[in-house]
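> Fold the following for me, if possible:
(chains A and B)
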Amino acid sequence: KQEVTQIPAALSVPEGENLVLNCSFTDSAIYNLQWFRQDPGKGLTSLLLIQSSQREQTSGRLNASLDKSSGRSTLYIAASQPGDSATYLCAASMTTDSWGKLQFGAGTQVVVTP
Amino acid sequence: DAGVIQSPRHEVTEMGQEVTLRCKPISGHDYLFWYRQTMMRGLELLIYFNNNVPIDDSGMPEDRFSAKMPNASFSTLKIQPSEPRDSAVYFCASSHGTALFFGSGTQLSVL
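Numbers count the residues shown, from 1 in each chain, chains lettered A, B, ... in the order given. As a prediction, this is how the structure comes out:
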């Protein structure tokens, strides 16, 4: 069974610093890897999706990389802002039946201090 | 579009009572998912539908849980009878293609 792990569980950085969030998975036979953001009391918002054939995806200040052979994905957030404070979750899809059938990590709670 | 709409936002009930959670997916989306989030177990997929048909319910914890999707714009998740260990946030999500859109969730507390 696929296991997705996110370390650290919590992270605090001063505004302006770059954020590096780590995600590891045990089964490299994934079809894609997704990163989500969750704000308190809210649902999840999709940030980036990396197909298994891709090495990285970028959107604005966000960049996500994928290394299937080592079972790792990393989310980089450049020049962090207080508005980036949230919990970030990664999730792996093991099937092409539906890319919404996901195995989630526990998340990394990020606080960006002004 | 208003996004995925879930109701109620909060539900407090007593053990043994029936609980029904509701979801309206985004119009045009052909997949609908029910997830549950707890501190201990994180986010877990309970069941998902494609074109109103249940495809995979292997995540449904017990027979006390049931889900239906009578049409493309409405789904329910029912727990009968409810137990304290069912307390969690229940999310509905819908998709068409790769992007997955989540509702704001229903916070369920079973006393």
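> didn't A:G105 look like it was pressed against B:G42?
Yes - the pair A:G105 and B:G42 qualifies as a contact (C-beta atoms under 8 Å) at a distance of 7.3 Å. Yep, even glycine has a C-beta here, placed from its N, CA and C like the rest.
> Those two: who's more crowded?
Shown here are A:G105 and B:G42; by other C-beta atoms under 10 Å in any protein chain shown, A:G105 has more neighbours (26 against 17).
> and the gap between that one and chain B?
Note on A:G105: its distance to chain B, by C-beta to the nearest C-beta, to the nearest Å, is 7 Å.
> Likewise for A:A79?
26 Å.
> Would you agree that residue is in contact with A:G16?
Yes - A:A79 lies in contact with A:G16 (C-beta under 8 Å); the separation is 5.9 Å.
> hang on, B:L32 in a strand?
Yes - according to DSSP: H, G, I helix; E, B strand; the rest coil, the state of B:L32 is that of a strand.
> Once you drop chain neighbours, what's closest to it?
B:F49 (4.6 Å; C-beta to C-beta, 6 or more residues apart in numbering or on different chains).
> which parts of the one helix or strand that neighbour maps to are buried?
Taking DSSP states H and E as the criterion, B:F49 maps to strand B:42-50. Neighbour counts using 16 or more other C-beta atoms under 10 Å in any protein chain shown place B:42-50 of strand B:42-50 among the buried residues.
> per-residue pLDDT, the spatially closest residue to A:D97 that is not a sequence neighbour?
Of all residues not flanking A:D97 in the chain, B:I55 sits nearest, at 7.0 Å (C-beta to C-beta, 6+ apart). Reported pLDDT at B:I55 in the predicted model: 93.
> That concludes my questions; thank you for your assistance.
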